[in-house]
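J.: Model the structure of this input:
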Amino acid sequence: MKLNQKGITLVELIAALALVSLIAGIGWTALSIGMKHSALENNKTRLQQEANIIITALSNAHRQNDSYILRYDANNQLEIQVCPDAATCNTSTAPFMRVSSSNHNFTGTKLKDAKFDGNSDGPVLIEPKKTHANFSLQLDGKVTVNTTFTRIITD
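T.: Residues are numbered from 1 along each chain as shown. You can find the predicted model right below:
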């Protein structure tokens, strides 16, 4: 009598399932690590782009105005007020405008010698015709941009 040995044994089936499970587990782990890394990098890139927009807005204000004030609003968001001259800056009818449309944590941001930490002494007056302004932007504690706003000093 001849035995027909078609098919697989239970041991072979369990070994194949274990091997497929091991490969799937390794693949899933690699995929999830890649997705987490991608999300972190996307967030950092978004913050860097937002920091560049803020720096560009402040640089334009520095180059186009004779004076401006930077301060925190009640929600600790960076605001700017542009003025025709330093004498009218605090009493100017020009409103303060937020520098960024997104809410960020600006703790650690420095302009000249003033450190914006949410508890700063008050607004900082900048007169571009009289001085350059060193600026260190800290955005959400993850992105730092150091720059100097310059303009031809005439006074």
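
J.: Go ahead and flag the most central residue of this protein.
T.: The C-alpha lying nearest the average C-alpha coordinate of the chain belongs to L47 (Cα atoms, centre = their mean; 2.6 Å).

J.: The helix or strand hosting that residue - contacts with which helices or strands?
T.: If you go by DSSP states H and E, L47 is part of helix 10-64. Applying 3 or more Cβ pairs under 8 Å, 6 or more residues apart in numbering; DSSP states H and E, we find helix 10-64 packed against strand 67-72, strand 78-83, strand 133-139, strand 143-149. Just so you know, the C-beta spots here come from the backbone N, C-alpha and C atoms, and that holds for glycine as well.

J.: quick revisit: from what I see, the residue nearest to the centre of the chain and V145 are in contact.
T.: No: using Cβ atoms under 8 Å, L47 is not in contact with V145; the gap is 10.1 Å.

J.: so what sits against both of those two?
T.: Common contact partners of L47 and V145 (Cβ atoms under 8 Å, 6 or more residues apart in numbering): L139.

J.: ok so, going back, any idea which of the helices and strands packed on helix 10-64 gets closest to A24?
T.: Comparison of those against A24 by Cβ to Cβ identifies strand 143-149 as nearest, at 37.2 Å.

J.: mind listing what's buried in that closest one?
T.: Across strand 143-149, burial judged by 16 or more other Cβ atoms under 10 Å covers V143, F149.

J.: now swap in stretch 94-104 and tell me
T.: F96, V99, S100, H104.

J.: what does stretch 82-93 give?
T.: Quick answer for stretch 82-93 (16+ other Cβ under 10 Å): V82, C83, A86, C89, S92.

J.: and of those, the nearest to E12?
T.: Closest to E12, out of all of the buried residues of stretch 82-93 and judged by Cβ to Cβ, is V82, at 77.9 Å.
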